[in-house]
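J.: here's my sequence, what's the structure:
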Amino acid sequence: MTHEESIPARPWVGDLVHDPATGRNATLSDVRSDGTYLLRPLRGPGEWKALDPARLRLITKRADRTDR
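T.: Modelled structure (predicted):
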C-alpha cells in the first residue's frame, strides 16, 4: 500500500457521500469558504449542511459516477 492509498479520500463537489450524522447518502453540492459543506439528496429537492464534514464518507468520486 502506498502512502496515498492509506490516506482516506476527501470528498469534493459532485462526489457521492454518506453523511453519518443523518444516515443519508447525498451529493456534495458546495464547499463554502467558511468550511461549510452543503449536501443535497440523491432524489428530490432540498439541501442541508453537514454537521461534521470530517466524518463524511466518500462513496464514489464525481469522475467515477455513472449516474450523471
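
J.: how about low-confidence regions in this structure?
T.: When residues are selected by pLDDT under 70, those of the chain lie in 1-8, 67-68.

J.: list the buried residues of the lengthiest strand in it.
T.: Using DSSP state E to define each element, the chain has its longest strand at strand 24-31. Buried residues in strand 24-31, counted by 16 or more other C-beta atoms under 10 Å: 26-28. Where you see a C-beta, it was placed from the backbone N, CA and C, and this is true even at glycine.

J.: and which of these is nearest to Trp12?
T.: Leu28 (6.6 Å; C-beta to C-beta).

J.: so Lys61 sits against Asp15, correct?
T.: Yes - at 5.4 Å, Lys61 and Asp15 qualify as touching, with contact defined as C-beta atoms under 8 Å.

J.: between these two, who's got more neighbours?
T.: Asp15 (20 against 13; other C-beta atoms under 10 Å).

J.: let me see the contact set for Leu42.
T.: 16, 25-27 (C-beta atoms under 8 Å, 6 or more residues apart in numbering).

J.: and Ala26, by the same measure?
T.: If you count contacts by C-beta under 8 Å, 6+ apart, then Ala26 has 16-19, 39-42, 48 around it.

J.: now these: which count as buried?
T.: Buried among the contacts of Ala26 (16+ other C-beta under 10 Å): 16-17, 19, 39, 48.

J.: TSV please, covering those residues and showing secondary structure and distance to Ser33.
T.: Output for these, formatted as TSV (DSSP: H, G, I helix; E, B strand; the rest coil; distance: C-beta to C-beta, whole Å):
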residue	secondary structure	distance to Ser33
Leu16	strand	23
Val17	strand	20
Asp19	strand	21
Leu39	strand	17
Trp48	strand	19
